Structure formats: structure tokens, C-alpha cells
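Undergrad: pasting a predicted model and its sequence here:
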Amino acid sequence: MPPQNTQSVIVSDGGQCVIFDPWGRMDDWVRVLNERDLELRAIYVTHGHPDHIACAPMLAKKYNVPWYLHTGDFRLVGWGNDLLTYFDLPPITIDCTRPTPLDICRTEILPNIFMDIYETPGHTPGGVAYHFPDEKIMLIGDTLFQKSVGRYDLPGGNKKMLMQSIANLYNLNLPNDTEIVHGHGMATTIKWLKQNNHF
């Protein structure tokens, strides 16, 4: 689905699940959860742009679960309603479920599924990456793409901070076979990015 196939991710243990960056229509998410017989426990977003949080408030309200966002991006909630309207999606209004502040730490999102959270400001002030060390997967949002970086010309964007965030991620020295799930486009690996993304 436009814009440019936002990558939404479901992490599950077979019965419970967590959703990351829920773009699209709530009815579609409800259908997917029902078809897979999954109980939604929480929602996490990589940053506050509308194509990554579109369904978060509605899903949080329907299933009575929190949706987590870095406080640096709280002011972006509702900023991109024109984009949602353009795609015939409901706007995020003041009566929608508000985000829960995201703690930057290691957290157990489901039984025995651990996630490290890293701050990656630059594309937005409150951008984050979610790393699953046991599974060797990182959800990187719009900080870095296959051969480019995220935009820094939108409200709150900062090129210097973005470059520092990318350097910080590089310096984590993650295994080369760590899969990187970008906010848009096909997934890559750390090795592939080192060989093909000059940033």
C-alpha cells in the first residue's frame, strides 16, 4: 500500500503479538489478527510520521493496549493528517488514544522475546531502532534505506543528528548477517549495507 510500501511488522510467539509501525486501515489489521488468532499486546512505532502511526491510536483503543512513541515525536502526532486524508484514512484527532512514552532500554515485549531500543534522531527528533539480538533482526524505520538515508528536511529533521545516529548504529558492530528491516523498501543485512550504502 502507498506511500511506497511502509513496512509494518508483526512479532508473535504463536498466540500473542506486538505490531510495529501499523500503516493502513484498522479493519485490515483486525482481520489479520483474527485470521491468525493473535492477541495484540502492544504497538511500537519507529517514529511519529503518519505513514508509521496511522492505525496505532485506533488499534490501541480497540484492544485496550498501549502504543509506544519516543517523547521527542509526540508533537508530530496529528501533524501529517493531510497525508492520511489523501489516502482516505481517518485523521488522528485529539480524542484518539494518546501515545505512551517509550523507555530506551532492553525490554521483554513477549515471553522470552527481548528487544533493545536505540535512539536514532535525525529523520525525526524521536526516531528509534528496535533490535532483536536473539533473532538478529533490527527494525530501523526511516533512518537508513538500502542506498540512502531518511529525509531531514521535514519538521524536526536534522542532518547532523541523522549522520551521528547512523554512525552510532554502525559502531554497534552487529553481526554481518543481522537482517535490517527498513521503513520502506526491501530488507537488507548489515553486510549488504556496508558494501552498498556509502553512508
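TA: The structure has been received and is ready for your questions.
Undergrad: confirm that residue 118 sits in a helix.
TA: No - with DSSP: H, G, I helix; E, B strand; the rest coil as the criterion, residue 118 is strand rather than part of a helix.
Undergrad: was I right about it contacting residue 129?
TA: Yes - between residue 118 and residue 129 there is a contact at 4.7 Å, judged by Cβ atoms under 8 Å. For the C-beta atoms, the positions are set from N, CA and C on the backbone; glycine is no exception.
Undergrad: these two: which has the busier surroundings?
TA: residue 129 (23 against 17; other Cβ atoms under 10 Å).
Undergrad: what secondary structure does the more buried one sit in?
TA: For residue 129, the secondary-structure state derived from three-state DSSP is strand.
Undergrad: okay, it: pLDDT?
TA: Per-residue pLDDT puts residue 129 at 98.
Undergrad: okay, and the common contacts of residue 118 and residue 129?
TA: Residues touching both residue 118 and residue 129 (Cβ atoms under 8 Å, 6 or more residues apart in numbering): residue 169.
Undergrad: where does this protein have low pLDDT?
TA: Applying pLDDT under 70 to the chain flags residues 1-4, 94.
Undergrad: tell me where it has helices.
TA: For the chain, helices defined by DSSP state H occupy the ranges 26-35, 50-53, 56-63, 81-86, 159-170, 190-196.
Undergrad: among these, which comes closest to residue 123?
TA: Between residue 123 and these, the shortest separation by Cβ to Cβ is 6.0 Å, and it involves helix 159-170.
Undergrad: which other helices and strands does the closest one contact?
TA: The helices and strands touching helix 159-170, judged by 3 or more Cβ pairs under 8 Å, 6 or more residues apart in numbering; DSSP states H and E, are strand 113-119.
Undergrad: strands paired with the strand it packs on, and their directions?
TA: strand 106-110 (antiparallel), strand 128-132 (antiparallel) (DSSP bridges).
Undergrad: so for the first one, what gets flagged as buried?
TA: With burial defined by 16 or more other Cβ atoms under 10 Å, the residues of strand 106-110 counted as buried are 107, 109, 110.
Undergrad: run through the bridge partners of the first one.
TA: For residue 107, the beta-bridge partners are residue 115 (DSSP bridges).
Undergrad: so how far is residue 19 from it?
TA: Shown here: residue 107 relative to residue 19, a distance of 15 Å by Cβ to Cβ, to the nearest Å.
Undergrad: residue 117: how many residues sit nearby?
TA: Neighbours of residue 117 (other Cβ under 10 Å): 18.
Undergrad: now swap in residue 22 and tell me
TA: Here the number of neighbours of residue 22 (other Cβ under 10 Å) works out to 27.
Undergrad: wait, what's in contact with it?
TA: 8, 29, 43, 45, 53, 54, 55, 56, 59.
Undergrad: no further questions, thank you.
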